[in-house]
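[1] A structural model of the following input is requested.
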Amino acid sequence: MSAPSIYARAPLGALVRYSDGQPMPPERHRKKLAAWKSSNGSGRLVRKTHAAVRPTYTHPAGFTLHEGNFGSDGVIVLVVHKSFSVTSTLTFEIVEEPAPGSVRILTSFQGEDELRHLAPDMVAAEDWLSRNHYTGARLEVVGEHEASAETLGQAA
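    Numbers count the residues shown, from 1 in each chain. Next comes the predicted model:
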């Protein structure tokens, strides 16, 4: 899939793999391997950003993947996100979509949603939210919004 396809079709919480199509170099070539890893990886889709047109610049639409958290003893020290624009030449693939019934914990800023956590069920989501306070956080059950949109489309 192309970057515009991921932007248009992938739901927040989907696991997305990206690649430049090159084979992985041997482990002994550390610099080549590091360069390859910067163009090949995967992450969870956490944000979609709209295109921005300003007097001094234009920013294309894009999306952000959460690649991982790093730390120790339960303390997260580094959160790794990687952003792509819809003009990216990389190849993308949806590896996994959020399971129906799982719960997205979302926050919004300037009209754009950001996924903070994907919980397996409502109880786990409420528990996570009680331990991780986000102002204006809301819970969204995967499948409910999509099902109501399909029902509206069929009724029209």
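[2] check Arg116 and give its pLDDT.
    We have a pLDDT of 94 for Arg116.
[3] how close does it get to Ser108?
    The spacing between Arg116 and Ser108, counted by C-beta to C-beta, to the nearest Å, is 11 Å. No exception for glycine: its C-beta is placed from N, CA and C like everyone else's.
[4] likewise for Val75?
    27 Å.
[5] so which of the two has more stuff around it?
    Per other C-beta atoms under 10 Å, whichever of Val75 and Ser108 has more neighbours is Ser108, with 11 against 7.
[6] in three-state terms, label Leu45 for me.
    The local conformation at Leu45, judged by DSSP: H, G, I helix; E, B strand; the rest coil, is strand.
[7] make sure Thr64 is actually in contact with Val80.
    No. Here Thr64 does not reach Val80: they are 10.7 Å apart, not a contact under C-beta atoms under 8 Å.
[8] so who does the most centrally placed residue in the chain touch?
    When C-alpha atoms, centre = their mean is applied to the chain, the residue found nearest the centroid is Leu45 (1.0 Å). Residues near Leu45 by C-beta atoms under 8 Å, 6 or more residues apart in numbering: 6, 10-16, 63-65, 115.
[9] repeat that for Ala137.
    Contacts of Ala137 (C-beta under 8 Å, 6+ apart): 105-107, 116, 129.
[10] neighbours of Ser72, how many?
    7.
[11] now do it against Val79, distance only.
    Taking C-beta to C-beta, one finds Ser72 at 14 Å from Val79.
[12] and the contacts of Leu45, which of them are in strands?
    If you go by DSSP state E, the contacts of Leu45 have 15-16, 63-65, 115 in strands.
[13] I'd like the residues you listed laid out as JSON lines, including neighbour count.
    Below are the ones in strands among the contacts of Leu45 laid out as JSON lines (neighbours: other C-beta atoms under 10 Å):
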{"residue": "Leu15", "neighbour count": "18"}
{"residue": "Val16", "neighbour count": "20"}
{"residue": "Phe63", "neighbour count": "23"}
{"residue": "Thr64", "neighbour count": "18"}
{"residue": "Leu65", "neighbour count": "24"}
{"residue": "Leu115", "neighbour count": "22"}
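[14] that concludes my questions; thank you for your assistance.
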